[in-house]
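Enquirer: how does the following fold in three dimensions:
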Amino acid sequence: MKQRILTGCVIAVFFVIMMLCLHTPIFALLLALLAVVSVYEVLKAAKIKNTPVMVLSLLVSALAPITYIGYETEGLLRDLLLLFRENAAMLYCFYILLSLILMLVKFQSTRFEHVAIAVFSAIAIPYAYSSLLFLRDISTLPEYSQKSEGVFFILFSFTCSWFTDIFAYFTGRAFGRHKLCPTISPKKTVEGAIGGVVITMLINLLLLLVFRRFFFEVPVIPYWLIAISSVVLSIISMCGDLAASTIKRNYGIKDFGKILPGHGGIMDRFDSCLFVWPCLYGILKLISVITEMI
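Expert: Below you'll find the model as predicted:
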């Protein structure tokens, strides 16, 4: 437990550094680093031994967050980033074709599912991380106009991901009687899940209260939206955690990595976040579109 707490403190410091760099290119670079490590952990768990496919996939996994750095860059670099975003579909097609060709390099030890896992991981995981950049720049949508809203929604996404897990654990230990998914995660209980969802919702309402009072110039985010979104995203967070547990059980491993003593790997720490971030942005985008239509 002591090691887990110390690692948690390190994670907290890293999180603070990321938030301080929120509106700089460093934020996107840190996300790219997390994406590369996460993809590496998944490929290693899947026992992919084709080095060319792994190297190519890791290079590709860094591109999505970097290309969404934003408008802080200028000149040729900005033009290249815009060019990639505009032609991302075509470039990813080339990546898939090249991965299939590289499969032939070690065809005896490389199956098609290895390439499929590599391609899926190198595209899906980085774009999930990139959703944090979309949340940061939420003020570009018609419904939202304050940079502080981006900060709020990023904090909101982390509370939905991490606090749900934390309070589900403690509530489950205190009141847990009925197993949630015994074959996937034997320690999770229905009572713990309910406690995690409810307590996280209350914390998020308190978070909104603080931002409305001290940071928002115009209190445009209603409490009912945060309450409903918190419940939905907490459930999605638990689904992400269970999905990651299923993957680990499929490959017979306890953790994706060992880079975070007591917590496992980067994927072990951010698995639920990768589900929450794009879903939250999707909710906000949908609200913006509906509001604009009305």
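Enquirer: from Met54, how far off is the residue nearest to Gly257 when sequence neighbours are not counted?
Expert: Nearest residue to Gly257, sequence neighbours excluded (Cβ to Cβ, 6 or more residues apart in numbering): Gly265, at 2.3 Å. The way it works is simple: take the backbone N, C-alpha and C, and place the C-beta from them, glycine included. To Met54, Gly265 is 16 Å away according to Cβ to Cβ, to the nearest Å.
Enquirer: neighbour count for those two, which is higher?
Expert: Gly265 (22 against 19; other Cβ atoms under 10 Å).
Enquirer: surely the more buried one touches Lys254?
Expert: No: assessed by Cβ atoms under 8 Å, Gly265 is found out of contact with Lys254, at 10.5 Å.
Enquirer: okay, and for the protein, where does confidence drop off?
Expert: Scanning the chain for pLDDT under 70 picks out 1, 70-75, 294.
Enquirer: how much space separates Ser288 from Leu22?
Expert: 21 Å.
Enquirer: so in this structure, which helix runs the longest?
Expert: Assignment by DSSP state H gives helix 223-251 as the longest helix of the chain.
Enquirer: helices or strands up against it?
Expert: helix 25-45, helix 147-158, helix 164-175, strand 185-189, helix 190-214, helix 273-293 (3 or more Cβ pairs under 8 Å, 6 or more residues apart in numbering; DSSP states H and E).
Enquirer: where's the third one relative to the chain centroid, distance-wise?
Expert: Helix 164-175 sits 22 Å away from the centroid of its parent chain (Cα atoms, centre = their mean, to the nearest Å).
Enquirer: and it, what does it pack onto?
Expert: Packing contacts for helix 164-175, counted by 3+ Cβ pairs under 8 Å, 6+ apart, involve strand 185-189, helix 190-214, helix 223-251.
Enquirer: what's the angle from it to helix 223-251?
Expert: Helix 164-175 and helix 223-251 are oriented at 80 degrees to each other (axes from the mean of the first three to the mean of the last three Cα atoms, to 10 degrees).
Enquirer: the last one now?
Expert: If you take the same axes, to 10 degrees, helix 273-293 sits at 150 degrees to helix 223-251.
Enquirer: can you pull the contacts of Ser130?
Expert: Applying Cβ atoms under 8 Å, 6 or more residues apart in numbering to Ser130 gives the contacts Leu31, Ala64, Pro65, Tyr68.
Enquirer: got a list of what Ala122 touches?
Expert: Counting by Cβ under 8 Å, 6+ apart, Ala122 makes contact with Val39, Ser57, Leu58, Val60, Ser61, Tyr95.
Enquirer: how near is it to Ile253?
Expert: 20 Å.
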